[in-house]
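S.K.: Here you go, sequence then predicted model.
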Amino acid sequence: MGAIVFEKEDGILWARLNRPEALNAINEEVVEGLEKLVAKVREEKDIRVVVIIGTGKAFCAGADIKMFLRSDTFAAREIIERLGKALEAFEDLDVPVIAAINGFALGGGCEMAMACDIVIASEKASFGQPEINIGIIPGAGGTQRLARLIGWKRAMELCLTGDRISAGEAERLGLVNKVVKDEELENEVRNLAKKIAEKSPYAVMLVKQAVNRGFKMGLKDGIAYERDLFALSFSSEDAREGMTAFVEKRKAEFRKTR
Ligand code: CAA
């Protein structure tokens, strides 16, 4: 069994980080698993939503510190670059990636959560960028995505102190979409994934592009980009079907695959 276990269910790809004995810390096998996840979604067109979740008491406790202890500057750079690129690729996938945060999401685990499109957390989850405590700094977006998500000063404080915050605090800061009871996490995420999987895959892809790419632009360029994607959305059969179904007062029958 790999460091990430994949399971497909009704168009939803569940990717379970599977190193519970090391709190799902990111070693080379986990990075390979993330690269495999990206390749799988690109190839298998019936995948409509991805869910990433951890096994055991952690979502992911960050990069494997034992691996880092054996790494020199070059090795550390190589592994962090592969991790960073895999996380960046999430943003460009045609399908949404939901992070289901079942426990600790620290360092690279917090960075992984931030690279996902939607973050649902168990009340037991906690978040943080504790790299400073071991004499290094975040390397897979921790100083960058965090500042953009929760604000410059708050990101600075979290990265400088290495403090952990609760799921509730993370929700208040905008790092988490919703906090749910621990025993309800998987069902909540499944229902959310199913709801998105019922939409037009083409419209879902365009929303992802508009939000993720537009977020990196100035407002004027972002709105112009959105307008172009809006016009492009009219080229799909799903757009005809969706609007016709509305007028005919019936449920739309959208494409099931991409
Ligand atoms: N790397 C390697 N092993 C880890 C690990 C990590 N990041 N986090 C936990 N583990 C291992 C522990 O060593 C322990 O293994 P052993 O039983 O073999 O000793 C096992 O997982 C269970 O961990 P704990 O006994 O520590 O569990 P706990 O409940 O007492 O504490 C914790 C949980 C607070 C998360 C604590 O494990 C911890 O602080 N972990 C490290 C978190 C961290 O510093 N992450 C940042 C890593 S650097 C990074 O991520 C850089 C980047 O930008 C990618």
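M.R.: Arrived safely.

S.K.: Give me the contacts around stretch 169-189.
M.R.: Around stretch 169-189, the neighbours that count as contacts under Cβ atoms under 8 Å, 6 or more residues apart in numbering are 51, 53, 98, 100-102, 113-114, 118-127, 146, 149-151, 154, 165, 167-168. (C-beta placed from N, C-alpha, C; glycine too.)

S.K.: Just the buried subset of those, written out for PyMOL, thanks.
M.R.: In PyMOL syntax, the buried subset of the contacts of stretch 169-189 is picked out as below (16 or more other Cβ atoms under 10 Å):
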select buried, resi 51+53+98+100+101+102+113+114+118+119+120+121+122+124+125+126+127+146+149+150+154+165+167
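
S.K.: Which of the contacts of stretch 169-189 fall in strands?
M.R.: 51, 53, 98, 100-101, 118-122, 126-127, 165 (DSSP state E).

S.K.: of those residues, closest to the ligand?
M.R.: When these are compared for distance to the ligand, the smallest value, 8.3 Å, is given by Ser126; criterion: Cβ to the nearest ligand atom.

S.K.: Confirm for me that that closest one is in contact with Ile165.
M.R.: Yes: Ser126 is within contact range of Ile165, at 6.5 Å (criterion: Cβ atoms under 8 Å).

S.K.: Which positions in the stretch 101-250 of the chain make contact with the ligand?
M.R.: Taking Cβ under 6 Å from any ligand atom, the part of the stretch 101-250 of the chain that reaches the ligand is made up of Phe104, Leu106, Gly107, Gly108, Glu111, Pro130, Glu131, Ile134, Pro138, Gly139, Ala140, Gly142.

S.K.: Number of residues surrounding the residue nearest to Arg164 when sequence neighbours are not counted?
M.R.: Among residues not flanking Arg164 along the chain, Gly128 sits closest, at 4.0 Å (Cβ to Cβ, 6 or more residues apart in numbering). By other Cβ atoms under 10 Å, 22 other residues sit near Gly128.
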